[in-house]
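In: Pasting the sequence and the predicted coordinates here, then a few questions.
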Protein chains: 2
Amino acid sequence: MAAPSPKHDVFQAIADPTRRSLLQLLVDREMPVTAISGHFPMSRTAVSKHLRILADAGLVKERKVGRETRYRLEPEPLLELKRWLSFYERYWENKMSALKRYVEAEEPSSGAERAAGRLGEDGD
Amino acid sequence: MAAPSPKHDVFQAIADPTRRSLLQLLVDREMPVTAISGHFPMSRTAVSKHLRILADAGLVKERKVGRETRYRLEPEPLLELKRWLSFYERYWENKMSALKRYVEAEEPSSGAERAAGRLGEDGD
DNA sequence: TTGACATGAAACCTGACGGTGTCATAATAG
DNA sequence: CTATTATGACACCGTCAGGTTTCATGTCAA
C-alpha cells in the first residue's frame, strides 16, 4: 500500500536530460508511450525505461486506457527538491543581490520561456 | 581556463547523495580535502573526485593555501535548479493547496529535517 | 479467429560512475 | 637536506545506467 520504497529518488530522476524533457512534454497533457517516444531520438523501449524511472520517483503517473498506457506529470515530488533548494537559498543571498533580483523577477509571473537561462559562470 | 564546457551540470552533480552531503558540509566553512574526507566512509581519493565533479558544476570553489586545497560552497549554480523548478511550481499549485501551505510553512526558518514528506498519491 | 498495434519484460552491450590503491609532487617541519 | 604531510594524477575494477533488439502478452479491428 503506497509503500514509499522508491529505488530512484527525485534527484536521480531529474539528473538525466532526457527525463527532464520527458517531464516537460508531459507537463499538462497525458500521452501514451508510442506518442511520447516519437519526440525522442531513441527507441520506444528506452523511453519506456525512463518513464519507469520517473514513475518510480513519483514524478509521472500511469493510466491504462485500453491497450495503451498514458503517462502524465505528477509534480508533487518536486517539493522535496524545492525544500532542499530552499536550504541553500540563504547562502547565495549572502553574495548575490542584483543577479538574484534579476532572476526572481521572472519567476512570479510565468517565467519559463527562457529555457537557456545563462548564468555568469565566472563570477569574479 | 574558465572553460565553459562543464562536463557535469548541476542536476547531475546533486544527484549523488555523497555530493549533497559534501555541499552541506561546506555550506559555510572552508575545508581542506583531508579534513573533509574524515567525514565520509570512503577514501580521500574518492572524496576528491566528488569534489572535482562539484567544482566542475561550479558548486564548490577551490583555494590553494600552502600545501592544502580548501574547498567551499559556491551556491550560485543552484539558481539554474531554482529556475527549472519554478517552471513546475504552477503545476503543482493546481492540485495542491493545504499541502503546499503546510510545506511552505516550514521553509522560511531552516526547515530541512522532514525528509519524508508523504504526499497523497491519488489526487483525483 | 486472425492479425495488427501498444506495451512491458528480458537478455545483452557499452561506457560512465563510484570506489580502491599507488605514486609523484609541492610545501612545511626539523 | 631530509622526512612528513596534503594533494592530485593514474591505473584499475566492479557495478549500474542508458541504450539496443527480440519476444510475449493484451487489446482492438476485421
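Out: That came through, no problem. Numbers count the residues shown, from 1 in each chain, chains lettered A, B, ... in the order given.

In: which residues does A:Ala55 contact?
Out: Listed by C-beta atoms under 8 Å, 6 or more residues apart in numbering or on different chains, the contact set of A:Ala55 reads A:61-62, A:71. In this view, the C-beta of every residue, glycine as well, is placed from N, C-alpha and C.

In: That should have said A:Arg19, apologies.
Out: Shown in contact with A:Arg19 (C-beta under 8 Å, 6+ apart): A:13, A:50, A:53-54.

In: Contact partners for the closest residue to A:Arg70 other than its chain neighbours?
Out: Distances taken as C-beta to C-beta, 6 or more residues apart in numbering or on different chains put A:Glu30 closest to A:Arg70, at 4.6 Å, once the chain neighbours are dropped. By C-beta under 8 Å, 6+ apart, the residues touching A:Glu30 are A:63, A:70-72.

In: Now, the residues you listed that are in strands?
Out: Counting by DSSP state E, the part of the contacts of A:Glu30 found in strands is A:63, A:70-72.

In: buried subset of the residues you listed?
Out: Neighbour counting by 16 or more other C-beta atoms under 10 Å in any protein chain shown classes A:70-71 among those as buried.

In: restrict the ones in strands among the contacts of A:Glu30 to contacts with DNA strand C.
Out: Filtering the ones in strands among the contacts of A:Glu30 for proximity to DNA strand C by C-beta under 7 Å from any atom of the strand leaves A:Arg70.

In: roughly how far is the lengthiest helix in chain A from the heart of the chain?
Out: Secondary structure of chain A per DSSP state H: the longest helix is helix A:78-95. Mean-position distance between helix A:78-95 and its chain equals 17 Å (C-alpha atoms, centre = their mean, to the nearest Å).
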